[in-house]
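> Test case, fold it:
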Amino acid sequence: MSQSIEVIVCQGILCADFNEGRLVIDTGSPVSLGPNIAVKILGAGVQLSLGFGNYTWESVRQSLPFDAVGLVGVDAFSGSTIGFDVGNQILTRIDGPIEGDPVPFAMGSPVIECSIGEEKLRCVLDTGAGLSYLRDSQLAVLGQKNGSQTDFHPMLGEFEVDTVACSLMAGGKLTTEIFGLATDNLLALLQNAGVDGVLGTSFFAQGVVEVDFANEIVGLSMG
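Take a look at the predicted model:
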């Protein structure tokens, strides 16, 4: 039987409250971070790691704009199919196949193919990012300037970016998405992941995103 939990968007980042406290749900992180404890989410147990590469949980915790006891990455969902209904504040483990497209994931994180105008993009779906981001700043000419905005990423801390509103074709539906133009640090992450951009929590809020992490399939029901 499928299981569901309630989630909240806290300052643009997807979170859920557990017995241990508030955990960030970050589909852009390959590993779960936190103190040396194991947590259970949607029937699956995951061990929180003290660090990953150059990042430590302590540095991430200190830079978060709210209190959290840990961060749940995609390693918690590696054998599962998860439905993200951010608009209705529900995260569901789906038992059974989903309708969607097979796509190469990036370090375990879900990726979709989408387009802005005639430009085809591969974008990682990242609930740890409040804003969506474009790797190529020249694509800004295809949208409308939207001013600067302060954003935050669990791995990068708080920063200010120029934004642009673009018409985005994703999952067969045309939507309007606000994109930040990637800063140098974020640009390096995108280049390393081999993707053209990020679709953050703001994108998730526009519909239902289903991800089969085991078989690398993403299904979108937008609008």
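
> any idea of the mean pLDDT in stretch 81-93?
On average, the pLDDT along stretch 81-93 is 96.

> Can you report phi and psi for the residue nearest the centre of the chain?
The chain has residue 126 as the residue nearest its centroid, 1.3 Å off, counting by C-alpha atoms, centre = their mean. Dihedral pair for residue 126: phi -130, psi 100, per degrees, to the nearest 10.

> Verify the stated contact: it with residue 111.
No. Applying C-beta atoms under 8 Å as the test, residue 126 and residue 111 come out as separate, 10.0 Å apart. For the C-beta atoms, the positions are set from N, CA and C on the backbone; glycine is no exception.

> sorry, back to before: could you list which residues are in contact with the residue nearest to the centre of the chain?
Residues in contact with residue 126 (C-beta atoms under 8 Å, 6 or more residues apart in numbering) are 26-28, 109, 198-201.

> Can you tell me which of those lies closest to residue 115?
Nearest to residue 115 out of the contacts of residue 126 is residue 199 (C-beta to C-beta; 12.5 Å).

> Count the residues that sit near that closest one.
29 (other C-beta atoms under 10 Å).

> Same question for residue 4.
Residues lying near residue 4 (other C-beta under 10 Å) number 13.

> Check what pLDDT it gets.
pLDDT, read off for residue 4, is 95.

> Can you spell out which residues form a bridge with the nearest residue to it once chain neighbours are set aside?
Nearest residue to residue 4, sequence neighbours excluded (C-beta to C-beta, 6 or more residues apart in numbering): residue 92, at 4.4 Å. Here residue 92 shows beta-bridge partners residue 4, residue 83, assigned using DSSP bridges.

> Residue 52 versus residue 92, what's the distance?
27 Å (C-beta to C-beta, to the nearest Å).

> Residue 188 too?
Taking C-beta to C-beta, one finds residue 188 at 16 Å from residue 52.

> and if you look at residue 189?
For residue 189, the distance to residue 52 - C-beta to C-beta - is 13 Å.

> Give me the domain ranges for the protein.
The record's domain parsing of the chain by automatic domain parsing lists 3-93, 101-222.

> is it true that residue 99 touches residue 221?
No. Counting by C-beta under 8 Å, residue 99 does not reach residue 221; the two are 9.1 Å apart.

> who's more crowded, those two?
Neighbour count, other C-beta under 10 Å: between residue 99 and residue 221, residue 221 has more, with 16 against 9.

> hang on, that one in a strand?
Yes. Applying DSSP: H, G, I helix; E, B strand; the rest coil, one finds residue 221 inside a strand.

> quick one, what contacts it?
So residue 221 contacts 171, 207-208, 210 (C-beta under 8 Å, 6+ apart).

> Mind pulling up the pLDDT for it?
So, for residue 221, pLDDT stands at 92.
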